[in-house]
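Undergrad: Any chance you can model this:
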Amino acid sequence: MSGNSNNPGGNSGNTNNPGGNSAVFSSTASTSYQPQEEIRVNGCCKADNRAVVCLRSIVVLSLLIATSVVATLAYYYSRKFEHSLFLLEYEDSAMLLKEGFQRGVDIKVATSESLSKMYTYRFEKQDLWPNITLNGFVDSASGQLLLSRSRAISYNPIIDERSRVSWEAYAREELKNEGLSNIINPQFIYMKNGSNSIPDTLALTSAESDHPKIMVPVWQITPLVGNIKAIFFNLHSEPARRLALDDMLTYKIPALTAILQLVQDNETRPSSILFYPVFNISNSSLPRSVIGSISVVFSWDDVLAQTLPTYISGMVCVLRAQGLRTNQTHSYVLKGGKVQYLGSGDLHDSAFDSLGYSVNASLLGSVIDAGVGNSLIRYSMSVYPSTELKSQYETNKPAIYTVVVVLIFFFTSAMFMMYDYLVQHRQASLTAAADHAGKIIDSLFPSIVRSRLFGTTTVVTAPPAREMESPAVRLKRFFRSSGQVVEKRDSVTNQSPFQFSAPIADVFQSTTILFADIAGFTAWSSAHPPEHVFRLLESMYREFDLCAKERGVFKVETIGDCYMAVCGLPDPRDDHAVAMSQFALDMQIKMEGVTQALAPELGADVLNLKLRTGMHSGPVTAGVLRGEKSRFQLFGDTVNTASRMESTGSPSRIQVSEQTANLLIQAGVSHWLTPRDTKVQAKGKGELQTFWLTAPSVPPHAQVAVLGSDPDQARWVQGEKKLSCNETRTFLSCDHPLTTAGS
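TA: Residues are numbered from 1 along each chain as shown. Okay, here's the model as predicted:
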């Protein structure tokens, strides 16, 4: 038959003829299949590439959007938080200033009131007004001066034409008695005009005054230094003082002057004077007259001082004195507990107008405003923040936080780009390797064979995994799983069986823990081959384990040449300290026996190895740490202290703590203990009193079995007697318990 592939009716093996029976593949058919397969594969790759590119673009765009949103929110909320702190601190400071402003005025009113009552109580029954002098005024007023933070306090009698002559005579005599006659002026009661002359006061009294025929001279004043020339000065002759004094006399209330510049101040320092009436009788229910005044001179910066904490800086205070005849404004700034005068006028930053707080000063609590009456002077204070105060709270930290957030996102994006590049590079490498393998396959098989080979799913039964493992892999698997509890997860949910179960743990209140370490082991092991090291450790630990089992001691673990054991758990026992002490003494004996038995084989230097042991008693937390490899563990201060007992001990000796020693003494074996000569300096514990544990007499023929190279044989220390392992399961040091006192 013809093999023409173009003859559909023939009986040849044409691959395009389903009726053909031949198994021979046509080269024409192979050639026609290959472009279709390549087109399908290339189309799938291009579609996958487009999906990857789209996903990459979406991720990058998402990162950019997330960066912008998070950075904006970080800046906004951090700035908002700082602004909230600023407003909170400002409001608290404003409240303190408002309270301090009123408190400063109240203290001055209380000061003047107390002095006024002193004069009234002292002289109301004698009726000597105005010819009076209060003994001890300087001492009383000095304390009040300091308390009220004022600059001067004086008593000023009310003098008219009828009483002037008698009062001047009285004053002249009093000054002579005090040795101050040199301050007497020819006119006595005087005022100062612009030419510094001293004309008669009555001739210059303003006709606008409600009390034009009175004089209010300064009589008693403190401090006297710097104010001695003020004596006899008529306060009613100066306009600002006269207005306040008229209100005081008319309404019988305390009154404040307008803002003054005192003559003793070289720089501008706004001040005022508070006048408080002195009455002839103390009973306010009876008709009474004002016969004098107490004047308190103060500066407004002293009122504002010490009202704010020292860390507040930049609070602006605007003081206003307003009335029909005055309109005064002065500004201050408070910095670190100090008050600085800014100048006349309202000098606060207008940007903070919306944050201003105002308070009116009042006398006698809030009943009588300052300066009521003809003067109509009202004091008020407005408080504003400043840029300096705001800068203490609104810092550049929000910008720093924003930059940090942006950098974190940029770093994350860079890592993503790097990861994407590495994945693409790896994918390109795998694709190149696959192309290379494909070319090899192409060279071995025709396309139609490849399609059937790769398109057919063949189930191949793989040999068991462990049959294919190498010895090294099996050894690693043994070390990973041998003697451990391996966590098995649910095959469906992949959840650990321990995930929702209660932990396996408990507290044991009465235990004794032992740590034993081989002194000199590190140096010895570095000079010997591994088989010698493990031969020594296996022999020694085998002896320790057998003794621990017989003594009822629980072996916790071994880490290198360190052996850890505990007595009193998992089964509690009252004699845990005694049992552990016997076990520690057994270990010393076994150590000597093992080293002597192995000296011929491992070398004489093995005899230099000594066991250093430490013990401590107390509560301990014990339990199983579950996971891929579960382990029994101990935790607590008792473990740490036992370790310190071992590390601070001496080779071939057993050091016990004071707690363990007390238990041994209670058990009647105090003869086992020898106090250590010096206290031990333990890390984290300070100085500790410890004891050496010494053994009673031990039979000199104590024997130790040592594992030989043949697992069925054991060699004894004495006489090299050979016995089988079945015959050497008990040992003399463990079979002969140490006797306790009285046993």
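
Undergrad: Quick check: which ranges of the stretch 601-743 of the chain have low pLDDT?
TA: 696-743 (pLDDT under 70).

Undergrad: mind listing the strands for it?
TA: Ranges of strands in the stretch 601-743 of the chain, per DSSP state E, counting those that start in this stretch, are 610-625, 631-635, 654-656, 673-675, 680-682, 686-688, 691-693, 705-707, 713-716, 722-724.

Undergrad: Ok, which of the ones you listed comes nearest Glu208?
TA: strand 686-688 (86.2 Å; Cβ to Cβ). Every residue, glycine included, has its C-beta placed from N, CA and C.

Undergrad: hmm, back to that, out of the strands of the stretch 601-743 of the chain, nearest to Val303?
TA: Here strand 686-688 is closest among those (Cβ to Cβ), at 56.6 Å.

Undergrad: list the buried ones in the closest one?
TA: For strand 686-688, the neighbour count (16 or more other Cβ atoms under 10 Å) marks Leu688 as buried.

Undergrad: for it, packing partners?
TA: Other helices and strands packing on strand 686-688, by 3 or more Cβ pairs under 8 Å, 6 or more residues apart in numbering; DSSP states H and E, are strand 680-682.

Undergrad: tell me how far the strand it packs on is from the chain's mean position?
TA: 32 Å (Cα atoms, centre = their mean, to the nearest Å).

Undergrad: what helices or strands is it leaning on?
TA: Secondary elements touching strand 680-682 (3+ Cβ pairs under 8 Å, 6+ apart): helix 637-647, strand 686-688.

Undergrad: Let me know which of these is tucked in deepest.
TA: helix 637-647 (a mean of 21; mean count of other Cβ atoms under 10 Å).

Undergrad: Just name whatever secondary elements it is in contact with.
TA: Helix 637-647 is packed against strand 504-519, strand 610-625, strand 654-656, strand 680-682, with contacts defined by 3+ Cβ pairs under 8 Å, 6+ apart.

Undergrad: rerun that using 6 Å as the cut-off
TA: strand 504-519, strand 610-625 (3 or more Cβ pairs under 6 Å, 6 or more residues apart in numbering; DSSP states H and E).

Undergrad: Please work out the average pLDDT along the longest helix belonging to the chain.
TA: Counting by DSSP state H, the longest helix found in the chain is helix 27-123. The predicted model assigns helix 27-123 a mean pLDDT of 81.

Undergrad: Can you list the neighbours in contact with the helix or strand just after it?
TA: Downstream of helix 27-123, the first helix or strand assigned by DSSP states H and E is helix 137-148. Contact with helix 137-148 is made by 107-108, 111, 153, 220, 222, as judged by Cβ atoms under 6 Å, 6 or more residues apart in numbering.

Undergrad: the inter-axis angle of helix 137-148 versus helix 27-123?
TA: 170 degrees (axes from the mean of the first three to the mean of the last three Cα atoms, to 10 degrees).

Undergrad: Would you mind extracting the C-alpha trace of helix 137-148 into CSV?
TA: Output of helix 137-148 as CSV, limited to C-alpha atoms (Å, rounded to 0.1, in the frame of the first residue of the first chain):
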residue,chain,number,x,y,z
PHE,A,137,3.3,98.5,113.0
VAL,A,138,6.6,97.8,111.2
ASP,A,139,6.8,94.2,112.4
SER,A,140,3.1,93.5,111.6
ALA,A,141,3.2,95.2,108.2
SER,A,142,6.5,93.7,107.2
GLY,A,143,5.1,90.2,107.4
GLN,A,144,2.0,91.3,105.5
LEU,A,145,4.2,93.0,102.9
LEU,A,146,6.0,89.8,102.2
LEU,A,147,2.8,87.7,102.1
SER,A,148,1.0,90.1,99.7
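
Undergrad: after that helix, next one along is what?
TA: Beyond helix 137-148 toward the C-terminal end (DSSP H and E), the next one is strand 152-157.

Undergrad: Report the inter-axis angle for the helix or strand immediately after that following strand in the chain versus strand 152-157.
TA: Scanning forward in sequence from strand 152-157 by DSSP H and E, the next helix or strand is helix 161-178. Between helix 161-178 and strand 152-157, the angle comes out at 130 degrees (the same axes, to 10 degrees).

Undergrad: what's next to helix 161-178, contact-wise?
TA: 130-131, 133, 159, 181, 188.

Undergrad: strands paired with the next helix-or-strand element following it, and their directions?
TA: Proceeding N to C from helix 161-178, the next assigned helix or strand is strand 220-222, under DSSP H and E. Sheet pairing of strand 220-222 (DSSP bridges) gives strand 152-157 (antiparallel).

Undergrad: how far out from the middle of the chain is the strand it pairs with?
TA: Using Cα atoms, centre = their mean, the offset of strand 152-157 from its chain centre is 57 Å.

Undergrad: gap between the closest residue to Thr621 other than its chain neighbours and Phe515?
TA: Spatial nearest neighbour of Thr621, chain neighbours left out: Phe635 (4.5 Å); criterion: Cβ to Cβ, 6 or more residues apart in numbering. Distance from Phe635 to Phe515, counting by Cβ to Cβ, to the nearest Å: 15 Å.

Undergrad: Compute the number of surrounding residues for Leu602.
TA: 21 (other Cβ atoms under 10 Å).

Undergrad: Tell me who's in contact with it.
TA: Taking Cβ under 6 Å, 6+ apart, we find Leu602 in contact with His532.

Undergrad: Could you rerun that using 10 Å?
TA: Contact analysis of Leu602 by Cβ atoms under 10 Å, 6 or more residues apart in numbering lists 524, 528-529, 531-533, 535-536, 539, 595, 609.

Undergrad: Now tabulate these in a markdown table and tack on neighbour count.
TA: Formatted as a markdown table, the contacts of Leu602 follow (neighbours: other Cβ atoms under 10 Å):
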| residue | neighbour count |
| --- | --- |
| Trp524 | 20 |
| His528 | 15 |
| Pro529 | 10 |
| Glu531 | 9 |
| His532 | 17 |
| Val533 | 17 |
| Arg535 | 20 |
| Leu536 | 24 |
| Ser539 | 23 |
| Thr595 | 25 |
| Leu609 | 24 |
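
Undergrad: Leaving out the residues flanking it, which one is nearest to Thr67?
TA: Phe409 (3.9 Å).

Undergrad: right, I mislabeled it, should have said Gly520
TA: Nearest to Gly520 is Leu609, by Cβ to Cβ, 6+ apart, at 5.3 Å.

Undergrad: quick one on the thing from earlier: which of the helices and strands packed on helix 637-647 sits closest to Ile294?
TA: Among the helices and strands packed on helix 637-647, if distance is taken as Cβ to Cβ, the winner is strand 610-625, at 74.8 Å.
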